[in-house]
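What follows is a predicted protein model with its sequence.
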Amino acid sequence: MTSEPTSPTPETQPAVPAGEPQPSYVKLAMRNMVRKGSKSLFHFTLTTVGLVGFLVGVAYLTR
């Protein structure tokens, strides 16, 4: 049986000095996207093309 960690690992959650609020999820997501660079852009492009293709396909089928 594999046990999953209940708290985030140190590499997924940056150290925050005492007294400061934790960074928002948006800020963490943006930092992660900048760090992963081309992989994030590839996934964004793939999602966009897929969504546009789906919408065009549905529009064609329902005309």
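It's in.

Can you list phi and psi of residue 21 for me?
Phi and psi for residue 21, reported as degrees, to the nearest 10, are phi -70, psi 160.

What is the burial count for residue 31?
Residues lying near residue 31 (other Cβ atoms under 10 Å) number 12. The way it works is simple: take the backbone N, C-alpha and C, and place the C-beta from them, glycine included.

and it, what helix or strand is that in?
For residue 31, the host element (DSSP states H and E) is helix 25-36.

where in this structure is pLDDT low?
1-18 (pLDDT under 70).

Go ahead and measure how far the longest helix belonging to the chain is from the middle of the chain.
Ordering each helix of the chain by length in residues (DSSP state H) puts helix 38-61 first. Computed by Cα atoms, centre = their mean, to the nearest Å, the chain-centroid distance of helix 38-61 equals 16 Å.

packing partners for it?
Packing partners of helix 38-61 (3 or more Cβ pairs under 8 Å, 6 or more residues apart in numbering; DSSP states H and E): none among the helices and strands.

if we can go back for a sec, now the helix holding residue 31 against helix 38-61, angle please.
110 degrees (axes from the mean of the first three to the mean of the last three Cα atoms, to 10 degrees).

mind listing what's buried in helix 25-36?
For helix 25-36, burial by neighbour count (16 or more other Cβ atoms under 10 Å) applies to no residue.

before we move on, the earlier item: residues in contact with the longest helix of the chain?
Outside helix 38-61, the residues that touch it by Cβ atoms under 8 Å, 6 or more residues apart in numbering are 32-33.

Which of the residues in that helix are classified as buried?
Buried-residue list, helix 38-61, by 16+ other Cβ under 10 Å: empty.

export it as CSV, just CAs?
Only the C-alpha atoms of helix 38-61 are listed here, as CSV (Å, rounded to 0.1, in the frame of the first residue of the first chain):
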residue,chain,number,x,y,z
SER,A,38,8.2,25.7,-23.5
LYS,A,39,6.2,22.8,-22.0
SER,A,40,3.5,25.2,-20.7
LEU,A,41,3.4,27.0,-24.0
PHE,A,42,3.0,23.7,-25.9
HIS,A,43,0.2,22.6,-23.6
PHE,A,44,-1.5,26.0,-23.9
THR,A,45,-1.3,25.9,-27.7
LEU,A,46,-2.5,22.3,-27.8
THR,A,47,-5.5,23.1,-25.6
THR,A,48,-6.3,26.2,-27.7
VAL,A,49,-6.2,24.4,-31.0
GLY,A,50,-8.2,21.5,-29.6
LEU,A,51,-10.9,23.9,-28.2
VAL,A,52,-11.1,25.9,-31.5
GLY,A,53,-11.3,22.6,-33.5
PHE,A,54,-14.0,21.3,-31.2
LEU,A,55,-16.1,24.5,-31.6
VAL,A,56,-15.6,24.6,-35.3
GLY,A,57,-16.6,20.9,-35.5
VAL,A,58,-19.8,21.5,-33.5
ALA,A,59,-20.7,24.6,-35.5
TYR,A,60,-20.3,22.6,-38.7
LEU,A,61,-22.4,19.7,-37.5
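
That'll do, ta.
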